[in-house]
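1. next come a sequence and a model predicted from it.
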Amino acid sequence: MGVIGFRKAKCKDCYKCVRLCEVKAIRIKDEHAQFVASECVECGQCLEACPQNAITFIKDIQWIKSMVKNGEKTVVSLAPAYLGVFGDADPNQMAAALHQLGFTYVHETAEAAGYVVQEYMNYCDRSDKDAVLLTSSCSAINNLIEKYHPDMLPYLLPVVTPAIAHARMLRAQYGPDVKIIYISPCVSDGGDALKDPRTKGIIDAVLDFATLRDWLRSEQIKIPKCPSSHMDSMDPKVMRLFAVSGGILSAIKAAKGRKYKHKRLYVSGIGPCEELFECIRNGEIKNCVIELNSCTGGCINGPMTGGKKRDRFRSKISVSQKVDEHEAPELPPLPEGVSLYKEYTARCEKRIVPSDEQIRAILSKIGKDSPEKELNCGACGFPTCRDKAIAVYRGKTQLTMCIPYMYEQAKGMSDIILAVTPSMIIVVDKDYFICEFNNAAEVAFGVSQQKALGHPVSEFISTEYFEKVFREKRSIINQRVDYDTYHIKTMQNIIYMREQEKALVIMRDITEGVRKQEQLRKVKLDTVAMAQNVINKQMMVAQEIAGLLGETTAETKSTLRKLRDTLMDSDEDIKI
């Protein structure tokens, strides 16, 4: 378990951390990033890179507040980068602010840097003239060498970092029961203090500058307005320059009464440091003391400063203005029993390397079946396609995490849909120029895609509804549009694509359906006419029958009356 944490729920699969991580100590699993603690050098650059704040640094703030509240004896080891990060404050005001938070003692880590420099100089004196010596003040670089470049271990000076050296000094000064809190902008120093079995337990808790800034704000403590107090440590003077690139070399230069037989060089950044290692392997560098930092520009650009990047140039200026680079402190003897030695050892994990055939098989699955198709764009986070294939083989990334491949897949699927769909699809931009024109549209309008693309849509059809969509910025659904010129009748959905500022029209050809509807209507009308004709004829027949029945009835009535009258005349007793 490392000092860097991860919040899965916040990860949005952007892979920015993978692209930035120089050693690729991040695994993509289940569409989310996971840290491989055994491979991580704890440089902390991923913390700054993550736009979703899904990556976190271990925080001891609640425990620290609890110790302060309970009145425990606490001593702060304050990294010298505070001079740049809290640029408006001088050391005495910073000490006052920390005392107000409840810390018992406040020391500057830089007071131990003088002893570390002294050890470096002793190793320089004992080394050969052509020797290459690498400083060990940056824990992240130490991790980098131990895990990835063990052949550089003979050049790495076996000295603890200033943070560990200072903690050992404070422990000797205040006793074993004191609680030591290290405050810095560094992630790897936290790992060195809390996780490395060689140095674990020397520092009790770590507090980053970003969290310290929040704590001061919550307590309404403004450093520039704090009354001057005093640091409980000696004035480290030039040793405060450890916070900036070249600071160690400045400290060596400021040391009095020493002659140096080595050249001096400083390198910052994981990438440049790895380039340096290659130069050392090739014998291109000799007779040189080299200061190494993982953070570009030094610790003032650490990942946990809590400041904006544009403030960091100002931070360096602030440190430089407050420190006299020519004035070294007079160092009292190192407390008895305090050792500055640390043995750095190889911690490389055995990494399986796939064969060339296996790499080619993996690449072929994402359409890279020839070297020409290996774009090496780096969008997946790996410098080359082969590196990505190796990571897939090791289970550190997903096969489909390739933007060109996914683009081709999506484009291929889109092209297939456009090609085979029976509906006509046309896409136009805000200037009414055609961006897409599918096969069905070619057939319907008798225009080839090549001729249509890039041309105004008005050359082929009316822009009336396109204009309405762009004007009202909303889609039109189920709009009947007829094109008499092309003998086409359509039902259209005109979709407004807000982000692309385009309009997509999907036309369903309903010409045949309309024709059949018209035929059906004609059949219905003919049927109704025929029925009406039958009804009319039936009425005429009924009327004729009624007329004939009327005449017959009248004649019958007349005859019967005559018969009655005759009978009555012949026999008066007969009644009808």
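-> Nice, I can see it.
2. do you have the helices of the stretch 151-300 of the chain handy? List them.
-> 162-174, 188-194, 209-218, 247-254, 270-281 (DSSP state H, counting those that start in this stretch).
3. and the nearest residue to E42 once chain neighbours are set aside, how close does it get to G84?
-> Leaving out its chain neighbours, the residue that sits closest to E42 by CB to CB, 6 or more residues apart in numbering is S188, at 3.9 Å. The C-beta positions use only the backbone N, C-alpha and C, and glycine is treated the same way. Per CB to CB, to the nearest Å, S188 is found 19 Å from G84.
4. show me where the stretch 1-150 of the chain has helices.
-> So, for the stretch 1-150 of the chain - with DSSP H, counting those that start in this stretch - the helices run 16-20, 45-49, 61-69, 82-85, 91-101, 110-126, 139-148.
5. make a markdown table out of the ones you listed and add distance to G302 and mean pLDDT.
-> As requested, those are exported to a markdown table (distance: least, CB to CB, whole Å; pLDDT from 0 to 100):
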| stretch | distance to G302 | mean pLDDT |
| --- | --- | --- |
| helix 16-20 | 15 | 86 |
| helix 45-49 | 9 | 84 |
| helix 61-69 | 17 | 92 |
| helix 82-85 | 8 | 85 |
| helix 91-101 | 17 | 93 |
| helix 110-126 | 15 | 91 |
| helix 139-148 | 10 | 96 |
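6. in which helix or strand does A503 reside?
-> strand 502-509 (DSSP states H and E).
7. state the mean pLDDT of stretch 479-490.
-> Stretch 479-490 comes out with an average pLDDT of 91.
8. on that earlier part again, what about the residue nearest to E42, how many neighbours?
-> Neighbourhood size, S188 [other CB atoms under 10 Å]: 30.
9. right, and it touches A140 too?
-> Yes. Look at S188 against A140 with CB atoms under 8 Å: they come within range, at 3.9 Å.
10. what do these two both touch?
-> V41, E42, C43, G44, S294 (CB atoms under 8 Å, 6 or more residues apart in numbering).
11. so what's the last one up against?
-> Read that as S294. Contacts of S294 by CB under 8 Å, 6+ apart are V41, C43, C138, A140, I141, L144, S188, S268, G269, I270, C273.
12. could you report the distance from the closest residue in space to the first one that isn't next to it in sequence to P197?
-> So the one you mean is V41. Spatial nearest neighbour of V41, excluding adjacent residues (CB to CB, 6+ apart): N143 at 4.0 Å. Distance from N143 to P197, counting by CB to CB: 14 Å.
13. what's the domain layout of this structure?
-> Taking automatic domain parsing as the criterion, the chain consists of the domains 1-57, 58-322, 356-407, 421-509, 516-576.
14. got these as JSON lines, with distance to S339 columns?
-> Shown next, in JSON lines, are the domains of the chain (distance: least, CB to CB, whole Å):
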{"stretch": "domain 1-57", "distance to S339": "23"}
{"stretch": "domain 58-322", "distance to S339": "7"}
{"stretch": "domain 356-407", "distance to S339": "38"}
{"stretch": "domain 421-509", "distance to S339": "62"}
{"stretch": "domain 516-576", "distance to S339": "97"}
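15. worst average pLDDT in these?
-> domain 516-576 (a mean of 79).
16. distance from that one to the middle of the chain?
-> Domain 516-576 sits 94 Å away from the centroid of its parent chain (CA atoms, centre = their mean, to the nearest Å).
17. then stretch 512-528?
-> 60 Å.
18. now do it: everything it contacts.
-> Residues contacting stretch 512-528 (CB under 8 Å, 6+ apart): K489.
19. pull the CA atoms of it into PDB?
-> Extracted in PDB, the C-alpha atoms of stretch 512-528 (Å, rounded to 0.1, in the frame of the first residue of the first chain):
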ATOM      1  CA  GLU A 512     -44.600   4.600 -52.200                       C
ATOM      2  CA  GLY A 513     -46.600   4.700 -49.000                       C
ATOM      3  CA  VAL A 514     -48.300   7.900 -50.100                       C
ATOM      4  CA  ARG A 515     -49.000   6.400 -53.500                       C
ATOM      5  CA  LYS A 516     -50.600   3.400 -51.900                       C
ATOM      6  CA  GLN A 517     -52.600   5.600 -49.600                       C
ATOM      7  CA  GLU A 518     -53.900   7.600 -52.600                       C
ATOM      8  CA  GLN A 519     -54.800   4.400 -54.300                       C
ATOM      9  CA  LEU A 520     -56.600   3.100 -51.300                       C
ATOM     10  CA  ARG A 521     -58.400   6.400 -51.000                       C
ATOM     11  CA  LYS A 522     -59.500   6.200 -54.600                       C
ATOM     12  CA  VAL A 523     -60.800   2.700 -54.100                       C
ATOM     13  CA  LYS A 524     -62.700   3.800 -51.000                       C
ATOM     14  CA  LEU A 525     -64.200   6.800 -53.000                       C
ATOM     15  CA  ASP A 526     -65.100   4.500 -55.900                       C
ATOM     16  CA  THR A 527     -66.700   2.000 -53.500                       C
ATOM     17  CA  VAL A 528     -68.700   4.700 -51.800                       C
END
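20. please spell out which residues along it are buried.
-> Residues of stretch 512-528 include none that count as buried (16 or more other CB atoms under 10 Å).
21. same check, this time on stretch 465-472
-> Neighbour-count burial for stretch 465-472 [16+ other CB under 10 Å]: Y465, F466, V469, F470.
22. does the closest residue to the second one other than its chain neighbours have beta-bridge partners, and which?
-> Okay, so that is F466. Closest residue to F466 apart from its sequence neighbours, by CB to CB, 6+ apart: A503 at 5.4 Å. Under DSSP bridges, the beta-bridge partners of A503 are V428, Y496.
23. got a pLDDT number for V323?
-> At V323, pLDDT is 68.
24. burial count for the residue nearest to F466?
-> 26.
25. and stretch 381-395, how far from the chain's centre?
-> The answer for stretch 381-395 is 19 Å, by CA atoms, centre = their mean.
26. buried stuff in that stretch?
-> Buried residues in stretch 381-395 (16+ other CB under 10 Å): G381, F382, C385, R386, D387, K388, A389, I390, A391, V392, Y393.
27. in the stretch 351-500 of the chain, which spans are helices?
-> Under DSSP H, counting those that start in this stretch, the stretch 351-500 of the chain gives helices at 356-365, 385-393, 403-420, 439-445, 449-452, 464-472.
28. including distance to P236, could those go into CSV?
-> Output for those, formatted as CSV (distance: least, CB to CB, whole Å):
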stretch, distance to P236
helix 356-365, 52
helix 385-393, 43
helix 403-420, 49
helix 439-445, 76
helix 449-452, 73
helix 464-472, 67
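29. of those helices, which stretch is the most buried?
-> Ranked by mean neighbour count under mean count of other CB atoms under 10 Å, the helices of the stretch 351-500 of the chain are led by helix 385-393, which reaches a mean of 22.
30. show me what that one is packed against.
-> Judged by 3 or more CB pairs under 8 Å, 6 or more residues apart in numbering; DSSP states H and E, helix 385-393 is in contact with helix 356-365.
31. who are the packing partners of the helix it packs on?
-> Helix 356-365 packs on helix 385-393, going by 3+ CB pairs under 8 Å, 6+ apart.
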